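Trainee: Following is a predicted model, sequence given first.
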Amino acid sequence: MAVAPEASASAKCHGFKYDAFLSFRGEDTRTTFTTDLFQALKAADLKPFMDDDGIKRGNTITSELEEAIQNSRVSIIIFSENYASSSWCLNELLYIFDQYRSKTKTHGILPLFYHVDPSIVRLKVRADDKRENQFKKELDEHEKRFGKEKVDQWREVLISCGLVAGFPFPKQKYSFPIDFIDDIVRTTGKEVGISIKEAPVFRYDVLLSYESMDNRENFIELLDGELRSSNFIPFKAESNGMDREEDDTSELMDAAISRSRSSIIVFSGNYAYSPRCLDQLLKMFEYSSETKRLVIIPVFYQVSKDQIRMQAENLAASLRGMYKKQFEREKVERWKEAIKGVAQLPAAEAFSGAATKRHLKQIVKAIEEKADRRPRKLPPV
């Protein structure tokens with residue numbers, strides 16, 4: 001079954017089912033860049049079509065994909081290192097370009113050169129590059145199997161696509177693929193007549209919320225290191241300017257929440273007694289409940305669920321005893337509701353002893369399963 005949401009208003013009003021068809025080499029980018037792009041397009045209220053692994057592949061594309069291309073306003077072609085090695089991709093590209101060159105001129109194309117120089121797609125070799133053109137090499141190999149006539153068609157369409165203004169991936173401009181995706185989503189919106197000021201693409205895989213005074217045995221640092229070694233991009237709230245009690249941190253926290261795919265809330269002995277932590281918790285809980293975009297995973301570090309529930313019940317009295325400031329009753333009740341709501345979610349891990357490698361790996365596994373997110377490999381620096 002192909003992955004495709006219901007048609008957008010923009011696509012429908014122009015007689016199309018989808019805003020964008022994604023053409024890509026699955027082994028190169030399916031679980032990393034292309035999945036991120038697909039999710040970002042959906043988050044921007046665009047309707048993309050992305051095939052899945054269930055489609056039977058051969059040397060010719062299926063009627064299902066031909067129909068999807070015909071019913072898409074634009075095709076986003078993700079040229080990656082091994083794109084030309086697939087006869088499937090090349091035939092798909094040929095069909096896309098036929099639609100692009102049709103008399104009706106209703107189908108657009110947007111080439112993306114993902115770690116591939118456009119000159120490679122044009123089957124040229126730059127004077128300063130001594131390496132063999134990988135696309136040209138693959139086509140020469142295809143010619144032995146499919147014949148010169150067929151491969152010449154592929155050559156022609158690759159050269160033509162390489163000449164279309166698209167999106168190269170220059171390392172000096174984009175630090176992470178998400179910045180690249182922001183530009184692509186806005187451009188796609190422009191192509192289909194939708195103004196997108198900021199593409200709501202995920203910038204972080206995991207937002208870590210915790211009380212630093214309870215960070216025994218450097219638990220947060222160990223967890224952050226395990227996440228990074230597993231190719232996740234974490235955001236530590238206290239290490240990114242949100243460890244102060246200032247109002248100007250609110251906007252930063254809102255941005256971090258909206259750009260995070262999941263959040264780990266590390267409940268510890270003093271977490272529920274920190275107004276800063278409680279505000280973070282409340283923002284994440286309400287955002288998750290409203291949008292369903294943020295997956296919250298609680299971790300009980302050196303405390304039990306019952307202890308956290310007890311903290312919630314006695315919250316008002318505890319805060320009055322710890323702070324001179326009188327907190328509004330309504331705010332305290334919302335804090336209590338958020339604590340109880342998050343505490344009853346399936347936990348990644350609960351333990352009372354020192355953190356171990358096993359604990360950390362279980363937390364990472366929970367992120368992969370609950371947030372439906374495989375680790376992504378960052379582009380080379």
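Mentor: That came through, no problem.

Trainee: which residues of this structure fall in strands?
Mentor: Ranges of strands in the chain, per DSSP state E, are 18-23, 48-49, 72-79, 108-113, 167-168, 204-209, 234-236, 260-267, 295-301, 349-351.

Trainee: In terms of secondary structure, what does the second one contact?
Mentor: The reference is to strand 48-49. The helices and strands touching strand 48-49, judged by 3 or more Cβ pairs under 8 Å, 6 or more residues apart in numbering; DSSP states H and E, are strand 18-23, helix 35-43. (Each C-beta comes from the backbone N, C-alpha and C, glycine too.)

Trainee: how's this structure carved up into domains?
Mentor: 9-191, 204-370 (automatic domain parsing).

Trainee: how long is the last one from one end to the other?
Mentor: Terminal residues of domain 204-370 lie 16 Å apart, using Cα to Cα, to the nearest Å.

Trainee: And stretch 341-359, by the same measure?
Mentor: Start-to-end, stretch 341-359 (Cα to Cα) is 23 Å.

Trainee: any idea of the mean pLDDT in it?
Mentor: The average of the pLDDT scores along stretch 341-359 is 80.

Trainee: buried sites along it?
Mentor: 341-343, 347-349, 355, 359 (16 or more other Cβ atoms under 10 Å).

Trainee: contact partners of it?
Mentor: 216-217, 219, 222-223, 226, 264-265, 267, 281, 284-285, 289, 296-302, 304-305, 308-309, 312, 362-363, 366-367, 370 (Cβ atoms under 8 Å, 6 or more residues apart in numbering).

Trainee: What's the PyMOL line that selects buried ones from those residues?
Mentor: Per 16+ other Cβ under 10 Å, the buried members of the contacts of stretch 341-359 correspond to this PyMOL selection:
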select buried, resi 219+222+223+226+264+265+267+281+284+285+296+297+298+299+300+301+302+308+309+312+363+366+367
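
Trainee: Show me which pair in the buried residues of stretch 341-359 is furthest apart.
Mentor: Greatest spatial distance in those: G341 and A355, 25.4 Å, computed using Cβ to Cβ.

Trainee: before we move on, back to that, pick out the shakiest of the strands of the chain, pLDDT-wise.
Mentor: Minimum mean pLDDT among the strands of the chain: strand 349-351, a mean of 69.

Trainee: Name the nearest residue to L278, sequence neighbours excluded.
Mentor: W335 (4.5 Å; Cβ to Cβ, 6 or more residues apart in numbering).

Trainee: and that neighbour, what does it touch?
Mentor: Applying Cβ under 8 Å, 6+ apart, the residues contacting W335 are 278, 281-282, 312, 315.

Trainee: F38 - how many residues pack around it?
Mentor: 23 (other Cβ atoms under 10 Å).

Trainee: Quick one, grab the pLDDT at it.
Mentor: Note on F38: pLDDT of 88.

Trainee: Does the residue lying closest to it once chain neighbours are set aside have any beta-bridge partners, and if so which?
Mentor: Nearest residue to F38, sequence neighbours excluded (Cβ to Cβ, 6+ apart): M50, at 4.7 Å. Bridge pairing for M50 (DSSP bridges) gives the partners V3.

Trainee: M50 reaches G26, doesn't it?
Mentor: No - between M50 and G26 there is no contact under Cβ atoms under 8 Å: 10.0 Å.

Trainee: the more surrounded of the two?
Mentor: Of the pair M50 and G26, M50 is the one with more neighbours under other Cβ under 10 Å, namely 24 against 19.

Trainee: What distance do you get for the more buried one to R293?
Mentor: 18 Å (Cβ to Cβ, to the nearest Å).

Trainee: returning to what we had before: which of the helices and strands packed on strand 48-49 sits closest to N71?
Mentor: So among the helices and strands packed on strand 48-49, strand 18-23 is nearest, using Cβ to Cβ, at 5.8 Å.

Trainee: With just CA atoms, put that closest one into CSV.
Mentor: What follows is strand 18-23, C-alpha atoms only, in CSV (Å, rounded to 0.1, in the frame of the first residue of the first chain):
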residue,chain,number,x,y,z
TYR,A,18,-1.4,15.0,-4.8
ASP,A,19,0.7,18.1,-4.6
ALA,A,20,4.0,16.2,-5.0
PHE,A,21,5.3,12.8,-6.2
LEU,A,22,8.6,11.8,-4.6
SER,A,23,11.0,9.9,-6.9
